[in-house]
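[1] Dropping a prediction and its sequence here:
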Amino acid sequence: MIKIQAQSNVPTDFGMFTVFAFSENENDWNPHLVWVAEKTDFNEVVNVRFHSECITGEVFHSRKCECGQQLDAAMKFMSENGGMIIYLRQEGRNIGIINKLKAYALQEEGFDTVEANLRLGLPADGRNFDVAIEMLKILKVTEVNLLTNNPEKLKAFYNSGILLNKRIPLEIESNPVNSSYLTTKKDYFGHLLEKI
Ligand SMILES: Nc1nc2c(ncn2[C@@H]2O[C@H](COP(=O)(O)OP(=O)(O)OP(=O)(O)O)[C@@H](O)[C@H]2O)c(=O)[nH]1
Ligand SMILES: [Zn+2]
């Protein structure tokens, strides 16, 4: 059973957040994190972002994806409007950084983001969002607006016991490097992208 192992306030460039670390045991070095903005009112509909880890995009500013820009935009949105980011340790759509780099190497040979995973014998997307729903329940969130373009994240709320009020798009302008990656997300995964 997942539970809160620690919590603390952290001042950021986007204002003060309270951070909760969730895992089954306290020796887990990669717990899921929840970043709750100062303004958040748990009695209202809560703005929520489920964000899957991407060390290349978020820390090292890779241009292959838009994860870093989405995370920054989500932090800004939460600090202005209240809400929380559920930061899930699902690097590489849950195949891990080693496999993601192997997939990137295949992408250099011309395979797209889906084909590369499949060639490695891995699922195109190995995530599910049940753990994020569990974390919302532990935090006693009952109704959310979800910041995402991914219809699979919306599906996680069906029969979950948590109400989904609406989706809030989180679309970033493409760049020449990531435009084919975004096109694959739209065409293969059905992401709700308007700008490409
Ligand atoms: N396997 C693999 N994972 C990738 C690749 N590019 C980004 N990722 C991972 O994809 C995850 C983000 O998922 P996305 O499909 O980009 O977007 P999403 O989070 O499902 O959707 P949004 O909520 O709209 O952002 C992160 O864990 C990234 O590390 C890739 O080419 N291959
Ligand atoms: Zn990324």
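    The structure has been received and is ready for your questions. Numbers count the residues shown, from 1 in each chain. Ligands and ions are numbered 1, 2, ... in the order given.
[2] how about the spatially most central residue of the chain, secondary structure?
    Central residue of the chain (Cα atoms, centre = their mean): H51, 1.3 Å from the mean position. On the three-state scheme (DSSP: H, G, I helix; E, B strand; the rest coil), H51 is labelled strand.
[3] Contacts only, for the residue nearest to S62 when sequence neighbours are not counted.
    Among residues not flanking S62 along the chain, T56 sits closest, at 4.0 Å (Cβ to Cβ, 6 or more residues apart in numbering). (Glycine included, C-beta is placed from N, CA and C.) Counting by Cβ atoms under 8 Å, 6 or more residues apart in numbering, T56 touches 62, 64-65, 67, 97, 100.
[4] Out of the residues you listed, give me the one that has the most neighbours.
    K100 (23 neighbours; other Cβ atoms under 10 Å).
[5] Could you pull out the strands in the chain for me?
    3-12, 15-23, 32-37, 46-52, 84-88, 143-147, 163-168 (DSSP state E).
[6] shouldn't S174 be in contact with K185?
    No. At 10.6 Å, S174 and K185 do not qualify as touching, with contact defined as Cβ atoms under 8 Å.
[7] of these two, who's got more company?
    Higher neighbour count among S174 and K185: K185, with 23 against 16, using other Cβ under 10 Å.
[8] Show me what the helix ranked longest in the chain is packed against.
    Scanning the chain for the helix with the most residues, using DSSP state H, yields helix 67-81. Using 3 or more Cβ pairs under 8 Å, 6 or more residues apart in numbering; DSSP states H and E as the contact test, the elements touching helix 67-81 are strand 15-23, strand 32-37, strand 46-52, helix 55-58, strand 84-88.
[9] Next, the buried residues of it.
    Of the residues in helix 67-81, those with enough neighbours to count as buried (16 or more other Cβ atoms under 10 Å) are 67-71, 73-75, 77-79.
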